[in-house]
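K.L.:
return a 3D structure for these sequence lines:
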Amino acid sequence: MAATSDEALDSLLFDFDQIHTDFIKQTFEIQTLQSSRKSEIQRREAVEFTLNTLKSENERVMKLYTGSISKLANQLERRNDCQSLKEELKRVNDEYTKKENVSDYMTINMTETVTLFKPCALSQSILLLFYSNAI
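P.N.:
Below is the predicted model of the structure:
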């Protein structure tokens, strides 16, 4: 009986050592997992911070881009207006030049006509004078 009780005691001690070894391994694994969890939490927080930073940077850049596009659209609109005004000014200047040329032409023609008819007017005056004296 003593041998059986020694064997039972050895088996019990062996089982206890096995349980103790497993407990230490599991405790170490739990500590490793807790450390990993803390590390993952810190990584997640860093990613969230980066994400929030990128979101705010994206909003800032979007506002700048929108403002730049708006300014560009306004510049294009002003350029089109300016081009239209230049074309209108050219058209009005051309009309004015044509009218001025016609006016100059009419003045030249009238001067030539008056010059051409001066002798006739003089002749008419002489004829009238002669005719009135004759009567």
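K.L.:
for S5, the count of nearby residues, please.
P.N.:
Using other C-beta atoms under 10 Å, S5 has 9 neighbouring residues. Where C-beta positions appear, they are placed from N, C-alpha and C, glycine not excepted.
K.L.:
check the secondary structure at it for me.
P.N.:
helix (DSSP: H, G, I helix; E, B strand; the rest coil).
K.L.:
and the strands in this protein?
P.N.:
Under the criterion DSSP state E, the chain contains no strands.
K.L.:
what are the ranges of the helices in it?
P.N.:
Per DSSP state H, the chain carries helices over the ranges 2-134.
K.L.:
centroid-nearest residue for it?
P.N.:
In the chain, the residue lying closest to the centroid (C-alpha atoms, centre = their mean) is I69, at 1.8 Å.
K.L.:
shaky segments in this structure?
P.N.:
Filtered on pLDDT under 70, the chain yields the residue ranges 1-3, 102-135.
K.L.:
swap in 90 and give it another go.
P.N.:
Within the chain, the ranges that satisfy pLDDT under 90 run 1-10, 89, 93-135.
K.L.:
burial count for H20?
P.N.:
Using other C-beta under 10 Å, H20 is surrounded by 10 other residues.
K.L.:
repeat that for the one 10 residues further on.
P.N.:
For I30, the count of nearby residues is 10 (other C-beta under 10 Å).
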